[in-house]
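A.B. asks: prediction below, plus the sequence it came from.
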Amino acid sequence: MLVYIGLGSNLENPKVQIEKALSALNLSNEVTVNKVSSFYESKPLLDMPGPNYINAVCSIKTSLDAIDLLDVCQGIENDQKRVREVKWGSRTIDLDILLYGQQVISSERLSIPHPEITNRAFVLVPMYEIDKEIKVPILGSIKKLIDRVNTQDLKKL
């Protein structure tokens with residue numbers, strides 16, 4: 001299965017945190033990192049306090065089902081000391097499953113496509129960099145989604 005994962009960090013050397021998470025993903029059983037976007041800098045969501053974020057997107061190939069992959073991602077977050085005190089608060093690392101093939105998933109633990117994908121330039125632009133032909137289930141082409149979002153505050157590093 002081809003899967004897209006968003007990575008973000010704004011604490012404890014964010015670029016290193018993202019690189020560590022990518023390495024951990026690649027070392028996971030049944031996961032191979034396929035492509036990685038450039039890194040992008042963005043402001044915290046909703047003007048939350050804290051440093052700017054560094055974000056990237058990777059595509060992976062996996063035979064894991066979506067929930068097992070979520071467990072892998074959350075395990076990496078835990079290993080990198082992710083603390084979940086405030087929604088959209090500062091974090092060492094965040095891994096979000098954005099797309100899982102062309103599947104639409106709605107469960108207590110996981111929603112695919114990611115529910116905020118249409119609002120986040122820091123996810124859409126790196127995805128487009130990886131593959132300009134991505135079709136987001138239900139929502140349409142990645143290009144059309146980018147055209148609807150403000151990319152002004154996103155800085156490619």
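C.D. replies: Nice, thanks for sending it over.

A.B. asks: from here on, contacts and neighbour counts on C-alpha atoms
C.D. replies: OK.

A.B. asks: can you give me how far the longest strand seen in the chain is from the chain middle?
C.D. replies: Of all the elements of type strand in the chain, the one with the most residues (DSSP state E) is strand 53-62. Average the C-alpha atoms of strand 53-62, do the same for its chain, and the two points are 5 Å apart (CA atoms, centre = their mean, to the nearest Å).

A.B. asks: run through who's touching it.
C.D. replies: Outside of strand 53-62, the residues that reach it under the criterion CA atoms under 8 Å, 6 or more residues apart in numbering are 1-10, 14-15, 18, 30-44, 122-123, 126-127, 130.

A.B. asks: go on, stretch 107-119?
C.D. replies: Where contact means CA under 8 Å, 6+ apart, the residues beyond stretch 107-119 that reach it are 67, 70, 96-100, 103-106, 123-124, 136-137, 145-146, 149.

A.B. asks: which among those end up buried?
C.D. replies: With neighbours counted using 16 or more other CA atoms under 10 Å, these contain these buried positions: 70, 96-100, 123-124, 136, 145-146.

A.B. asks: pretty sure Ala21 is touching Ile76, no?
C.D. replies: Yes. At 6.5 Å, Ala21 and Ile76 qualify as touching, with contact defined as CA atoms under 8 Å.

A.B. asks: before we move on, back to that, among the contacts of strand 53-62, name the ones in strands.
C.D. replies: Reading strands off the contacts of strand 53-62 with DSSP E, I get 2-9, 31-36, 40-42.

A.B. asks: quick one, which of these are buried?
C.D. replies: A residue is treated as buried here by neighbour count (16+ other CA under 10 Å); on that basis the buried members of those are 3-9, 31-33, 36, 40-42.
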